[in-house]
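# Quick check, what structure comes out for this input:
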Amino acid sequence: MKYRILGSQMSPFVRKVRVFCAEKGIDYELEPVSPFDPPEGFTEISPLKRIPVLVIEDDDGTRRYLPDSSVICAFLDQMHPEHRLIPEAPLARGEALWFEEYADSELASSIGFGIFRPVMVARMQGQKPDMDKAHDTLENRLPRPFTYLDGQIGDKPFLVEDRLTIADIATTTSFVNMQHCGFEPDEKRWPRLSAYLKRMMNLPSFQACIAEERKMISG
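Down below sits the predicted model:
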């Protein structure tokens, strides 16, 4: 069985799956696909036009497709049960999946539409970055989730079970996009969140993606 991930390197959801695979030691090939200009027939395998899509190729050449990063991670954690990244204990599992959902919806939406698109996507498309919108998002929309996460992290090294889980991967990946745009949470206002993000982004699995993306950004 072989895996291929369809999606853009800069997508927080694609990065989430790539880090997940790296932490579990799962091999895959990355095939670039832009959600802004998807190939013909893409909606047939991803009806919501979401990336990433996981291509599962059996030994006989049969291909099956799974869209959506949360679905993909859940599948891979079941298929490769060694080093579980989604906890098995009911409460810890619920907590981890909650943080994943919060990150995939609240964080990804706020950072993606409020900072990444007006800054980085604009630059990639040869347009002038809308820094006013980015600063407004940082000052008026993001303080609430930053405060929430700062309190949830507290003095713990990780969000759930004192070990790396899907909660940490999903939470950190959108902050990578934010960092690519030159923004970070105020270290004085949210010290625990800031320290936590530095620890997470220094993990080899994240560092590999970040280095690759910075090279792409610099041209």
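
# Now do the SS call for the residue located most distally from the centre of the chain.
In terms of distance from the mean C-alpha position of the chain, Asp60 ranks first, at 31.7 Å (Cα atoms, centre = their mean). At Asp60 the chain is in coil, as set by DSSP: H, G, I helix; E, B strand; the rest coil.

# Can you give me the pLDDT of it?
Looking at Asp60, its pLDDT stands at 88.

# what's the spacing between it and Ile72?
From Asp60 across to Ile72, the span is 22 Å (Cβ to Cβ, to the nearest Å). To be clear about C-beta, it is placed using only N, CA and C from the backbone, and glycine gets the same treatment.

# ditto for Ser34
18 Å.

# and Tyr65, which of the three is it?
Here Tyr65 is strand, with the state taken from three-state DSSP.

# surely it meets Ile45?
Yes. Assessed by Cβ atoms under 8 Å, Tyr65 is found in contact with Ile45 at 4.1 Å.

# Can you list the buried residues in the helix or strand bottoming out on mean pLDDT in the chain?
One helix or strand of the chain scores below all others by mean pLDDT, DSSP states H and E: helix 122-124, with a mean of 90. Going by neighbour count (16 or more other Cβ atoms under 10 Å), the buried part of helix 122-124 is Ala122.

# Can you identify the element that follows it toward the C-terminus?
Later in the chain than helix 122-124, the nearest helix or strand by DSSP states H and E is helix 131-136.

# Give me the residues contacting that following helix.
114-115, 118-119, 181, 183 (Cβ atoms under 8 Å, 6 or more residues apart in numbering).

# helices and strands around the helix or strand following it, which ones?
The helix or strand immediately downstream of helix 131-136 is helix 143-153, counting by DSSP H and E. Contact partners of helix 143-153 among helices and strands, from 3 or more Cβ pairs under 8 Å, 6 or more residues apart in numbering; DSSP states H and E: helix 191-201.
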